[in-house]
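Trainee: how does the following fold in three dimensions:
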Amino acid sequence: MAGRVIWITGLSGAGKTTVAIELAERLRGAGQAVVSLDGDDLRRVWGDSPTDEAGYGREERIALGIRYARLAKLLSSQNLIVIVATISLFREVHIWNRENIPRYFEVYLRAPLDELRRRDPKGIYRRYEAGELKNVAGLDLDVDEPDCPDLLLDFMPPRTARAMAEEVHSHLIESVAN
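Mentor: The predicted structure follows:
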């Protein structure tokens, strides 16, 4: 499974980071070398403020998604499994990834907006409703659902992040076997 990029995408609050952490633990437990890249962490590494609205428009997000993808491609070329958890719900990013990243595996976590608003771990939806934020993916910023993710995981209570990570892992093993 080494040298693979697992791209976990979905709107804010869909569970990307939680699933990525669970999956990384599962893979590391199986002796795999894993690097986990989270979109929020990468923004901080590159000096972007998570509270600053600059850099959150469509074009900036596409450029950032491709920057993440280039880093993931570089790391995977060194035989690491790279798990990327990022919104990056833009057709341009999906196309770039499929055309440029060997052994790319895309996971789309899809949840209804009312569930995402209920979860709202970063207060993004609350701040948007209060008029404090703009360029919120899926609200006033249009996003593109992946055309053909390798795995689509729809919100289904009481499915846990651990169960979703197990599902991703099973599909990865299946894809390696084929």
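Trainee: neighbours of the residue nearest to Phe90 when sequence neighbours are not counted, how many?
Mentor: Leaving out its chain neighbours, the residue that sits closest to Phe90 by Cβ to Cβ, 6 or more residues apart in numbering is Ile62, at 4.9 Å. (Glycine included, C-beta is placed from N, CA and C.) The number of residues packed around Ile62, counting by other Cβ atoms under 10 Å, is 16.
Trainee: distance of Ile62 from Asp41?
Mentor: Distance of Ile62 to Asp41, given as Cβ to Cβ, to the nearest Å: 19 Å.
Trainee: what's near enough to touch the nearest residue to Arg126 once chain neighbours are set aside?
Mentor: Among residues not flanking Arg126 along the chain, Asp120 sits closest, at 5.7 Å (Cβ to Cβ, 6+ apart). Asp120 makes contact with Ser12, Gly13, Arg126 under the criterion Cβ atoms under 8 Å, 6 or more residues apart in numbering.
Trainee: CA-only coordinates of the helix or strand where Arg126 lies, as PDB, when you get a sec.
Mentor: Per DSSP states H and E: Arg126 is located in helix 124-129. Output in PDB follows, covering the C-alpha atoms of helix 124-129 (Å, rounded to 0.1, in the frame of the first residue of the first chain):
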ATOM      1  CA  ILE A 124     -18.000  28.100  11.000                       C
ATOM      2  CA  TYR A 125     -21.800  27.700  10.300                       C
ATOM      3  CA  ARG A 126     -22.700  29.700  13.400                       C
ATOM      4  CA  ARG A 127     -20.400  32.500  12.500                       C
ATOM      5  CA  TYR A 128     -21.700  32.500   8.900                       C
ATOM      6  CA  GLU A 129     -25.300  32.800  10.100                       C
END
